[in-house]
Structures are given as structure tokens and as C-alpha cells.
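In: what's the 3D shape of this:
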Amino acid sequence: MSLTAQLPALQVIVPLLTAPLVMLLRAPGLSWAAATAASVMSFAIAVALTAEVLSGGSISYAMGNWPGPYGIVIHIGAFGSMVLLLVTGASAVALVSGRESLGSEVPADRRHLFYAAWLIVLAGLAGITVTGDAFNVFVFMEISSLASYILIAAGPDRRALTATFKYLIMGTIGATFYLIGVGLVYMMTGTLNFADMEVRIAEVTDQRPILVAAGFITVGLALKAAVFPLHIWLPNAYTFAPHIVTAFFAACSTKVAIYVLLRFDFLVFQANLSEHVNQFASFLLPLSLLGIMVGSAVAVLENSLKRLLAWSSVAQIGYILLGAGLSTHAGLTASVTHMFNHALAKGALFLALAGMAMHVDKLLFKDIGGIGRRMPWTTAALVIAGASLVGIPGTAGFVSKWLLLQAAFQEGTFGMLAVVVVVLSSLAAAYYIWRIVEQAYFGKPVEGATAGEAPWPLLAGLWLVAIANIYFGLAPQLPVTLAETAATNLLGLAPQ
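Out: Model (predicted):
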């Protein structure tokens, strides 16, 4: 069997096996090089798998040649391949860009441990995305979560420990809820394979335990995805983590949880439980609108740039779940497309802040006065990413917001309410992004402010993502095609 045929397994194996090697390479430069090489290789594998999915449909791979449901099966469809691109791409860009940023945040004698934990997070998130087994999702979820706590706690601010503890408690509750739900499904069906589960649930006579399981799984994964009001761990985790960790997590970690949530709710539950369609919509739609409004409102009032963008993420998760909650092809297409586009915008914004943090004491509004004149390239990339977050035409963010508005227009009175909320939230985003731009270009510099651009590797990664925000705004075929196929599969309109 050729090496190419093993790519689905290598997607997880490469970072997982590189992690112990990184721990042995105690020199910071060598450990960074090994971790970066593994991340870049993982991204190359994800690109190859996406190309295969686009040309030939979904990919199935039986571990050890044991077919499902008896063995562990890897399954990668259009939705999964998009999430893999986000996870591996965010990891690769953040590691390539952020080596010098870490110099002031993580001690040199601990950096090899930091990079090892990073690779374990990458392996866990990739494993969640590719596995076709519900219990393996839990295993990879715990692997990535435990390593995530290490990365967040590595932040130089002592409040990173408090943020990590809150994240640990909430993450443990979410994982426990998910595991209880999976246990109930297994009790009623005798299988953990997603495809087999979908078939066997239809044969269960008493489906009340399945409905309870759907509730547990939905709440557990919503907590992992920081769905309002289960988002309380996210602002502090993003604010006090090292800057490149925030860029990595903001681009992909909540997206992976949303991916599992939609995969479970549409392919397993909604395909079999007519009651769950209303349960899912009545749970998510009001919370998505509240998340959009509250996240945007708090972001407008924030003075810390990282907390501002963290609260903005709460609102953007609301956009994603609003489209999914509509349970229509147009809504799901908009939802999946926005997952991709938000990752581009928010990843670039946090990378820009990582560059600015190397020349300011704190990332507060008062500290970035005039920084646009001292760091023109960094600030220009931030403006582009901010325009995408707002949804300015010509950027990636505009594409997904336009698709979401079109989907909402088809839903009558509720759809009009959703349109109003999305438009108001976009205006709020325009306001707080303009606050950053105004202070950066026209604000008074703080006394003793130093001049100088971000390091060239960080600038290279930042501008790569900034240009991607423009490219996918003008040529959105790749994310939209993957999103349309994902929506078709989620709704059962075509085989997986």
C-alpha cells in the first residue's frame, strides 16, 4: 500500500509521534524546528486530503484493516477536510510566525515542553476531526484539552493560572456531559461508530433515552464550543494565554467542537428523531442571537484589545450557530463558510496583536497610540483582517455574512429578526475595529514608545493570512464548495 493511502492516519500520527521527540530536543531552536516541521507537514497532508475529497468524495480508512463498526474507522468528508485545513493551517502559521514572540513569554528551559504540548493539542484536534468513532472523539478531546491547559497556563501573567483553572472546570463538565450522552447511545444501540449509530437508532423502540443523550451531547459540546451562555471560560483564556497560542486557538479550537456538534446532531440525531429537530432549533437559535448581541455589546466597551477580540469571538460563534440552527441548506452553507472565514480574520488579528505586544507594555487602547506610524506593515494587516471581521465587501467575511443574510431572509418573521441582529452586530464590529484603527493611526504615542516592526517571520505569516482574507473574499469557491457539500451531507441529501 502506498504512503499516499496512509495520509488519513498520518494526519494524527505525525504530530503525535513528533511530540516526544520535541521533548528530547531540549534546545529551544531544535524543538521549535521539529514542532514547526510537524505542523507544516500536517498542513500539507490536510491539503492533499482536501484535494482528494474535492475530486473523489469522502475518504474512509480502516485502522489495522478492521472495517467498521468492529474497528476504528477514519472518515473525512467535505466538512472534515475544511476543519483539518483550519486546524493544521493555524498551527503551522502560528509556529512559523511566533518563535520570537514566545521569547518574552515562555522561559527557554521550558520551551521544549511547550512545543510538545502544542503538538499534542494539534494531534488531538486533528483526531477529533477525522475519527468515525464517538468514544474516540472523547479520547482525543481529553488529549487536546489537557495539553491546552498547559499552553494557556504558560502565559506570563499570573491570571493565566486562574483562566486555566476555569477552562479546566468548564471543559471537564463539557466532556462529562458528552460522555454521558455517548454512554446512553451505546446502551441503546450497542455501537460507537457514527455511521452504524445512525442506522441502529432507527431500530430502537423506546427513543426517550436517545433524546436525553442528544441533550447531554448538545450541551457538552456547546460548552466546549463556548456557545453563549456557556462561554465564560473563553475571554480570560484568550486574554492571558501567550499571544501565538491565542492566535492558534481562536482560529480553530471552538470550530472543532462545533464540527462535532453538527455532525452528531444532524447525521445521528436529526436523521432519526423528529422531536430533536425542534429541540435543536429551540436550544440554539435564541442562544445564537443572544450570543451575537451580548458578545458585540461587551466588545464595544472593552479597553483590552485581546479581551475585545475574545468577546467578538463569542458573537462570531453566534453567527455560525445561527446558520446551523436554521437547519436549511442555505443556513448550513453560510454557517460552515463562516467557520472558515472567521478563522482567517481572527487568526490574523491575534497575530497582529502578537507583533504589537513586542513593542508595547500592555495591549490596552492607551498603549497603542500612534503604533500605526511605528509599525505600518503590522497595522495595515490588522486593518485588512478587521475589515474582514466586519464584513466589508471584497473580504472573506463579507461572503459568509451575505450568505447568512440570504438564508435568514427565507425564514419569515424570525429571519427578519435575525437579519436585524446580524446587521447591528456588524455595525458594532465596525465601531470597535475603527476604535483600534483610530487609536493606532491618530492616537497620541505613549511616552518612551519604541519604534520598529514585528519580526519578519511574524510579518510573513501575518500578511499571508491577511492576503488570504482578500483572496477568499474575491474568489470564495473553495470554502463555499466545501460548505455546500458539507450542508448537503449534513441534511442527508447525498451519501457521506
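In: After the helix or strand hosting residue 353, which helix or strand is next? Please name it.
Out: When secondary structure is defined by DSSP states H and E, residue 353 falls within helix 329-356. Per DSSP H and E, the first helix or strand lying C-terminal to helix 329-356 is helix 371-374.
In: hey, where'd the helices end up in the stretch 351-496 of the chain?
Out: Under the criterion DSSP state H, counting those that start in this stretch, the stretch 351-496 of the chain contains helices at 371-374, 376-390, 396-409, 412-442, 456-474, 477-490.
In: Tell me which of those helices sits nearest to residue 192.
Out: Within these, the stretch nearest residue 192 is helix 477-490; the backing value is 20.2 Å (CB to CB). (Each C-beta comes from the backbone N, C-alpha and C, glycine too.)
In: What's the separation between residue 16 and residue 52?
Out: For residue 16, the distance to residue 52 equals 22 Å [CB to CB, to the nearest Å].
In: roughly how far apart are the residue sitting nearest the centre point of the chain and residue 437?
Out: Of all residues in the chain, the one closest to the mean position by CA atoms, centre = their mean is residue 252, 2.2 Å from it. Between residue 252 and residue 437 the distance is 26 Å, computed by CB to CB.
In: so where do the helices sit in the stretch 1-150 of the chain?
Out: With DSSP H, counting those that start in this stretch as the criterion, the stretch 1-150 of the chain has helices spanning 7-24, 28-56, 78-97, 99-102, 111-130, 134-153.
In: from the chain's centre, how far out does the shortest one sit?
Out: This means helix 99-102. 22 Å (CA atoms, centre = their mean, to the nearest Å).
In: Show me what it is in contact with.
Out: Contacts to helix 99-102, defined as CB atoms under 8 Å, 6 or more residues apart in numbering, come from residues 32, 111, 114, 242-244, 354-355, 357-358, 455, 457-458.
In: The residue nearest to the centre of the chain: what's it in contact with?
Out: For residue 252, the set of contacting residues under the criterion of CB under 8 Å, 6+ apart consists of 83, 86-87, 90-91, 125, 343.
In: if you set the cut-off to 6 Å instead, what comes out?
Out: With contact taken as CB atoms under 6 Å, 6 or more residues apart in numbering, residue 252 is in contact with 86-87, 90.
In: one step back: dump the helices of the stretch 1-150 of the chain to TSV, plus distance to residue 310.
Out: Conversion of those to TSV gives the following (distance: least, CB to CB, whole Å):
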stretch	distance to residue 310
helix 7-24	26
helix 28-56	23
helix 78-97	16
helix 99-102	18
helix 111-130	18
helix 134-153	12
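In: which stretch in those is the model least sure about?
Out: Least confident of the helices of the stretch 1-150 of the chain, judged by mean pLDDT, is helix 99-102 with a mean of 80.
In: Tell me how far residue 55 lies from residue 73.
Out: Noted for residue 55: a distance of 21 Å to residue 73, by CB to CB.
In: who's more crowded, those two?
Out: Counting neighbours by other CB atoms under 10 Å for residue 55 and for residue 73 shows that residue 73 has the greater number, 23 against 7.
In: how many neighbours does the residue nearest to the more buried one when sequence neighbours are not counted have?
Out: In space, not counting the residues next to it along the chain, residue 73 is nearest to residue 132; the distance is 4.0 Å by CB to CB, 6 or more residues apart in numbering. Around residue 132 there are 27 other residues, counting by other CB under 10 Å.
In: what does residue 160 give?
Out: 22.
In: hang on, it packs against residue 242?
Out: No: under the criterion of CB atoms under 6 Å, residue 160 makes no contact with residue 242, lying 8.4 Å away.
In: Kindly give a single PyMOL line that selects the buried subset of the contacts of helix 99-102.
Out: Buried members of the contacts of helix 99-102 can be picked out in PyMOL with the line below, counting by 16 or more other CB atoms under 10 Å:
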select buried, resi 32+111+114+242+243+244+354+355+357+358+455+458
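In: Return the member of the contacts of helix 99-102 nearest to residue 259.
Out: Checking the contacts of helix 99-102 against residue 259 by CB to CB gives residue 244 as the nearest, at 22.8 Å.
In: After the helix or strand encompassing the closest one, which helix or strand is next?
Out: Element membership of residue 244 [criterion: DSSP H and E] is helix 243-262. Note on helix 243-262: by DSSP H and E, the next helix or strand toward the C-terminus is helix 274-301.
In: quick one: residue 66 from residue 212, how far?
Out: From residue 66 over to residue 212 the distance is 31 Å, taken as CB to CB.
In: Give me the more crowded residue out of these two.
Out: Remark: of residue 66 and residue 212, residue 212 carries more neighbours, 14 against 11, as counted by other CB under 10 Å.
In: In what element of secondary structure is that one found?
Out: The secondary structure element spanning residue 212 is helix 208-224 (assigned by DSSP H and E).
In: With just CA atoms, put that helix into CSV.
Out: Presented in CSV, the C-alpha positions along helix 208-224 are these (Å, rounded to 0.1, in the frame of the first residue of the first chain):
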residue,chain,number,x,y,z
ARG,A,208,-36.6,8.7,25.1
PRO,A,209,-33.1,7.7,26.3
ILE,A,210,-31.8,8.8,22.8
LEU,A,211,-33.4,12.2,23.2
VAL,A,212,-31.8,12.6,26.7
ALA,A,213,-28.5,11.6,25.1
ALA,A,214,-29.0,14.2,22.4
GLY,A,215,-29.5,16.8,25.1
PHE,A,216,-26.4,15.8,27.1
ILE,A,217,-24.2,15.7,24.0
THR,A,218,-25.5,19.0,22.7
VAL,A,219,-24.9,20.8,26.0
GLY,A,220,-21.5,19.2,26.5
LEU,A,221,-20.3,20.2,23.0
ALA,A,222,-21.9,23.6,23.3
LEU,A,223,-19.8,24.2,26.4
LYS,A,224,-16.6,23.2,24.5
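In: pLDDT below threshold where in the stretch 101-250 of the chain?
Out: Residues of the stretch 101-250 of the chain that meet the criterion pLDDT under 70 lie in 205.
In: Could you give the separation of stretch 321-338 from the chain centroid?
Out: Centre-to-centre, stretch 321-338 and its host chain are 16 Å apart (CA atoms, centre = their mean).
In: all numbers from here: first residue = 14
Out: Yep, numbering from 14; the last one is stretch 334-351 now.
In: May I see the buried residues of it?
Out: Neighbour counts using 16+ other CB under 10 Å place 334-341, 343-351 of stretch 334-351 among the buried residues.
In: now do stretch 225-236
Out: Of all the residues in stretch 225-236, those buried under the rule 16+ other CB under 10 Å are 226-236.
In: Out of these, the closest to residue 191 would be?
Out: Within those, distances to residue 191 taken as CB to CB reach their minimum at residue 233, with 3.6 Å.
In: Tally up the residues packed near the closest residue to the closest one other than its chain neighbours, please.
Out: Closest residue in space to residue 233, ignoring its immediate chain neighbours: residue 190 at 3.1 Å, by CB to CB, 6+ apart. Residue 190 is surrounded by 20 other residues when neighbours are defined as other CB under 10 Å.
In: where's residue 190, which helix or strand?
Out: helix 172-202.
In: Give me the helices and strands touching that helix, please.
Out: Contacts of helix 172-202 with other secondary structure elements, assessed using 3 or more CB pairs under 6 Å, 6 or more residues apart in numbering; DSSP states H and E, are made with helix 147-166, helix 207-214, helix 221-237, helix 247-253.
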